[in-house]
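In: Starting from these lines, generate the structure:
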Amino acid sequence: MKILMVCLGNICRSPLAEGIMKTKLPEGFFVDSVGTISMHEGEHPDKRAIKTAANHNIDISRQKSRPITKKDLETFDKIYCMDIDVYEDVVSKAENEEQRQKISLFLEPLGDHKNAEVPDPYWGDMKDFEDVFQLLDRGCDAIKNQILSQTK
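Out: Numbers count the residues shown, from 1 in each chain. Here you go, the predicted model:
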């Protein structure tokens, strides 16, 4: 199964979500992340995101930002968006209902966070990055449980 995490610039939330999810899933899963804009294409994650992940023994320092492509919508089985604007942008790129069905908000599997958004820590400080990490960690647990229960 192929899982894609999506945020705006692919330097804060989605790289963290990719790194966290990779630590939670068994072999045989592929996890990647992208942004809806190309402004940071080729850049590594934000230094604060790298440091926050490292504080939890997760190395995201070699990831590089890239924008979402039409091929991603074909290739990936599940596409998780960090906020409603990102979700709407990704859905607008879908070419058919099958692709639209793959796309959801990242926090939906938590149940009590339906339609809630993962805040963008970019304009914040290290505490904001840690808060986002904890939210992403809980979301990744819920996604993992959902996916593993569906693949049995």
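
In: Please name every helix or strand in contact with the longest helix anywhere in the chain.
Out: If you go by DSSP state H, the chain has its longest helix at helix 126-150. Secondary-structure packing of helix 126-150 (3 or more CB pairs under 8 Å, 6 or more residues apart in numbering; DSSP states H and E): helix 13-24, helix 47-55, strand 78-81. All C-beta spots, glycine's among them, are computed from the backbone N, C-alpha and C.

In: again, only using 7 Å
Out: helix 13-24, helix 47-55 (3 or more CB pairs under 7 Å, 6 or more residues apart in numbering; DSSP states H and E).

In: the inter-axis angle of that helix versus helix 47-55?
Out: 60 degrees (axes from the mean of the first three to the mean of the last three CA atoms, to 10 degrees).

In: Report the buried residues of helix 126-150.
Out: 128-130, 132-133, 135-137, 139-140, 142-144, 147 (16 or more other CB atoms under 10 Å).

In: Could you identify which of the helices and strands packed on helix 126-150 is most buried?
Out: helix 13-24 (a mean of 25; mean count of other CB atoms under 10 Å).

In: now it, how far from the centre of its chain.
Out: Centre-to-centre, helix 13-24 and its host chain are 7 Å apart (CA atoms, centre = their mean, to the nearest Å).

In: Touching it from outside, list them.
Out: Helix 13-24 is contacted by residues 3, 5-7, 31-35, 45, 49, 52-53, 58, 60, 63, 82, 106, 118, 120, 132-133, 136-137, 140-141, 144 when judged by CB atoms under 7 Å, 6 or more residues apart in numbering.
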